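In: build me a structure from this.
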Amino acid sequence: MKNIFSIVFIIFCITFASQVLAEEKLTVCYKAYYFIPLGEACIEYSFDSDKIKISSYIKTNTLISLIKRIDDKGYSLIGLKRGVYHFKFFQREGDYKRDHIYTYSRKNLNYKIIKFKKGKGYIKKGVVNKKYIFDPYFYTLNLQCGLYKNYFQLFYDKKTYKIPINETKGEGYRIIRLKPDIKTSGLLVPKGYWWIFVNKDMMMDRIWVEFTIGRAKLRSVSVEGDRSLIKKICDKLIKYNKYDSSVVNDAN
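Out: Below you'll find the predicted structure:
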């Protein structure tokens, strides 16, 4: 009987350890402000040997929500072995409600966009036959990794965009400037230049953005998890042929 309990205990320890080691996480949270507090946002990175997942939410605080309520959330899941990617983003910006569901392979992108109006959902579907176009989460990660230098091709809301990038060095930061001139709808329609300050751990420490409704600055206020996780993810991406320097050069 004692041996049986010992075996069960060992199996439990091995199972628990394997679950802990299988997936690593990092969560970075930000406060959004522009003279006054606007809201908050969090980004969570999770990683195991096969999958990379980036999820986030952004929402306005109680005061700003009385004027215009924003509660957006979504995620991007990258399956390294299969080379398949899934992006889901749920926009809830005032009366504007839209769901984006994209699935990528190495050769094409399938998208489904659901627009909600007066309680009804209207669906639009399509296929884009291009390589190296991905969602905002994936390319933000590539910027953090330093894989794209001049521009990248972004797909969002039925359109493909060529987003120019400029990178400079700051004191303790890589400073990335981009101009996401994206033609879309909702409250958070990008405008002008955006600035991303990436620290030595490849985390976005500060973000300056501008939308048609105004500007905002996001500053990191908490970090939970493995601070070296983004570096690990970047190393993993580079090791795969479809993410190596030849792909970056081809895309650029």
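
In: how far does stretch 209-220 sit from the chain's center?
Out: 17 Å (Cα atoms, centre = their mean, to the nearest Å).

In: ok, which stretches of the stretch 101-250 of the chain are strands?
Out: Using DSSP state E, counting those that start in this stretch, the strands of the stretch 101-250 of the chain run over 109-117, 120-128, 133-134, 151-156, 159-170, 173-178, 194-198, 204-211, 214-225.

In: what strands line up against the third one, and which way round?
Out: This points to strand 133-134. strand 151-156 (parallel) (DSSP bridges).

In: list of residues touching the strand it pairs with?
Out: 100, 102, 109, 111, 128, 130, 132-136, 139, 142-143, 160-165, 180, 182, 184, 251-252 (Cβ atoms under 8 Å, 6 or more residues apart in numbering). Heads up, the C-betas are built off the backbone N, CA and C, glycines and all.

In: show me the shaky parts of the stretch 1-150 of the chain.
Out: When residues are selected by pLDDT under 70, those of the stretch 1-150 of the chain lie in 1-22, 82-83, 131-132.

In: how about Asn199, what does it touch?
Out: Asn199 neighbours (Cβ under 8 Å, 6+ apart): 172-173, 205.

In: list phi and psi for it.
Out: Main-chain dihedrals, Asn199, degrees, to the nearest 10: phi -90, psi -170.

In: per-residue confidence at it?
Out: On the pLDDT scale, Asn199 is placed at 95.

In: how much space separates it from Lys231?
Out: 11 Å (Cβ to Cβ, to the nearest Å).

In: how about Lys118?
Out: 47 Å.

In: these two: who's more crowded?
Out: Neighbours were counted for Lys118 and for Lys231 using other Cβ atoms under 10 Å; Lys231 has more, 16 against 5.

In: alright, calling it a day.
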